[in-house]
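Asker: how would this look folded up:
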Amino acid sequence: MIVDHYLSDARRVDSPNADARPLSEISLVVLHSISLPPGQFGGDEVEALFTNRLDWDAHPFFQSIRGLRVSAHLLIRRDGSCVQFVPFDRRAWHAGRSRWQGRQALNDFSIGIELEGDARPFTHAQYHCLARVLTALEASYPHINACERVTHEQVAPLRKTDPGPSFDHQYLAGLMAD
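Answerer: Here you go, the predicted structure:
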């Protein structure tokens, strides 16, 4: 359930990397994946990145993203728990330079959902949580439906590859149909 643009069962960690939407429209969901450091799960590095608290010297990879200011609305961890960084009525900084169906600046009207992961398969718990989240979003924001879900790779194909080939669209569709 969504109350005042927050998912009621998500842990809330406010990100400063958000601002007002220039449009009131919320009509697209962009699915992402992330692991920090790459290939590692369960730490607080993603939360630290999204809240500008990442220790850039803690891992050699972090130097390549030093100073990055990004966020997402939600992070779905491997165990299916959910963290919300930005209320849905505000613009999170997740899609970057992106384009979909002739439109640009997708952050203006989209919701960004990060799945904790990499090239390995996502967990059943993540898919079940994602299905619940998408159902709640569709109920609260009528312009979002199954046709308005895309991956980061689809909207930024020359730049991004996430959530990648291990993301099981058919499994998610089956969960959504139940």
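Asker: any idea how far the spatially most central residue of the chain lies from Ala177?
Answerer: Nearest to the mean C-alpha position of the chain, counting by Cα atoms, centre = their mean, stands Ile113 at 1.8 Å. Separation of Ile113 from Ala177 (Cβ to Cβ, to the nearest Å): 19 Å. Yep, even glycine has a C-beta here, placed from its N, CA and C like the rest.
Asker: what's the answer for Leu49, then?
Answerer: Between Leu49 and Ala177 the distance is 34 Å, computed by Cβ to Cβ.
Asker: can you check Val83 too?
Answerer: Computed with Cβ to Cβ, the distance linking Val83 and Ala177 is 27 Å.
Asker: Please identify which of these two sits among more neighbours.
Answerer: Shown here are Val83 and Ala177; by other Cβ atoms under 10 Å, Val83 has more neighbours (21 against 8).
Asker: list the contacts for that one?
Answerer: Listed by Cβ atoms under 8 Å, 6 or more residues apart in numbering, the contact set of Val83 reads Ala10, Arg11, Arg12, Val13, Glu47, Leu74, Leu75, Arg77.
Asker: ok, 6 Å please
Answerer: Contacts for Val83 (Cβ atoms under 6 Å, 6 or more residues apart in numbering) come out as Arg11, Val13, Leu75.
Asker: That one falls within a strand, correct?
Answerer: Yes: counting by DSSP: H, G, I helix; E, B strand; the rest coil, Val83 is part of a strand.
Asker: per-residue confidence at it?
Answerer: The score at Val83 is 98. That number is its pLDDT.
Asker: Nearest residue to it in space, please, no chain neighbours.
Answerer: Counting by Cβ to Cβ, 6 or more residues apart in numbering, Leu75 is the residue found nearest to Val83 once chain neighbours are left out, at 4.5 Å.
Asker: wait, isn't that neighbour in contact with Glu114?
Answerer: Yes: Leu75 lies in contact with Glu114 (Cβ atoms under 6 Å); the separation is 4.6 Å.
Asker: just checking, what's the longest helix in this structure?
Answerer: Determined from DSSP state H, the single longest helix within the chain is helix 124-140.
Asker: buried sites along that one?
Answerer: By neighbour count with 16 or more other Cβ atoms under 10 Å, helix 124-140 contains the buried residues Gln126, Tyr127, Cys129, Leu130, Ala131, Arg132, Val133, Leu134, Ala136, Leu137, Glu138.
Asker: Let's have those residues in TSV, adding distance to Arg53 and pLDDT.
Answerer: Putting the buried residues of helix 124-140 into TSV (distance: Cβ to Cβ, whole Å; pLDDT from 0 to 100) gives the following:
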residue	distance to Arg53	pLDDT
Gln126	24	98
Tyr127	29	98
Cys129	25	98
Leu130	26	98
Ala131	31	97
Arg132	28	97
Val133	25	97
Leu134	29	96
Ala136	28	96
Leu137	28	97
Glu138	33	94
